[in-house]
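Visitor: From the sequence below, what's the structure:
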Amino acid sequence: MEEGVFMTIVSAICPNCGANIQISAEAETAKCIFCSTNILVKDAIQTYKSKENNEAEVSETTPVEQDIARGNCFLASNEWEKAYYTFRLAIKKQANQYDAWMGCLTAMTDGFSRIDFAWAKQDGLYGLESILKNCLHFASEEQLPNTIERIKQISALWEKGMEEDRAHKANVLRRGRKFIVITYWTIAFLMCLMALKQSFLFLFALLFFFIGFYGFHPIRLEQCKDKTLIDYASKIKELLAQATVKR
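Guide: Reported below is the predicted structural model:
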């Protein structure tokens, strides 16, 4: 950067994962720190402004109960994103509302049906970990059993998501390795043909054959584990254990 020139940092939202990010307004592209997707800066800024406008549509003066009721209507119609931001508005007004925190949790997981890792791993007040903790913190004795069951569902969904993530990564690795193996064996075959005339190439041919043979070794799912996801799964289990003791 030239001396005396300063970047204008603005708020934006990643169009891919929905995370709140800070980016330079002067840049054309940027990389989301949450999902590592390359994004267009103008699109990310526009997404942020659009969501701000959506939140502004719900008046800041409406009662918290009305926000929660509106959020529940969005949940009933499977409008998860609108529900999430409506419950967030209720939390901004009154942070001790259990129904608002549980509403956020329901919306974030699409009605406890799936886990979006790029979204769920976000830090801060409205990340999954914070929402789970606040659901437990503000749950009454009557609400606690249901909250524990919901956290168990989240834990199961997380484990299932990790298995699917490992399987996907393994498939990607297998496809890439298969291409490499075919390429190496093709080169090795050609070098063997050339070695008929120039014997020193035979050693290189053996090397390529060895690499090709190694490429056929099976890929184990353990090689595709994501340590961040595993650590997060441990946090969810710790919360579940704490909730069980509290109960």
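Visitor: The closest residue to E159 other than its chain neighbours is in what secondary structure piece?
Guide: Closest residue to E159 apart from its sequence neighbours, by C-beta to C-beta, 6 or more residues apart in numbering: A233 at 6.5 Å. From N, CA and C alone the C-beta is placed, and that goes for glycine too. Secondary-structure element containing A233, defined by DSSP states H and E: helix 227-246.
Visitor: What ranges in this structure fall below the confidence cut-off?
Guide: 1-7, 52-61, 118-123, 172-229, 243-247 (pLDDT under 70).
Visitor: give me that answer again for 50
Guide: Flagging of the chain using pLDDT under 50 yields the residue ranges 1-6, 58, 216, 219, 221-223.
Visitor: domain parsing for it?
Guide: Segmentation of the chain into domains, based on automatic domain parsing, reads 9-53, 58-138, 147-246.
Visitor: What are the boundaries of the helices in the protein?
Guide: Per DSSP state H, the chain carries helices over the ranges 41-57, 64-76, 80-93, 98-108, 117-120, 128-138, 144-195, 201-215, 227-246.
Visitor: Now Y126: phi and psi?
Guide: Dihedral pair for Y126: phi -110, psi 20, per degrees, to the nearest 10.
Visitor: Just list the residues touching it, thanks.
Guide: R88, I91, C104 (C-beta atoms under 8 Å, 6 or more residues apart in numbering).
Visitor: surely the first one meets C104?
Guide: Yes - the pair formed by R88 and C104 meets the contact definition of C-beta atoms under 8 Å, at 6.5 Å.
Visitor: between these two, who's got more neighbours?
Guide: C104 (25 against 20; other C-beta atoms under 10 Å).
Visitor: State the distance from that one to K51.
Guide: Per C-beta to C-beta, to the nearest Å, C104 is found 15 Å from K51.
Visitor: go on, L125?
Guide: Distance from L125 to K51, by C-beta to C-beta: 16 Å.
Visitor: cool, and S155?
Guide: In terms of C-beta to C-beta, S155 sits 29 Å off from K51.
Visitor: do E26 as well
Guide: 22 Å.
Visitor: What are the contacting residues of stretch 236-243?
Guide: Against stretch 236-243 from outside (C-beta under 8 Å, 6+ apart): E129, L132, K133, L136, L144, T147, I148, I151, K152, I154, S155, W158.
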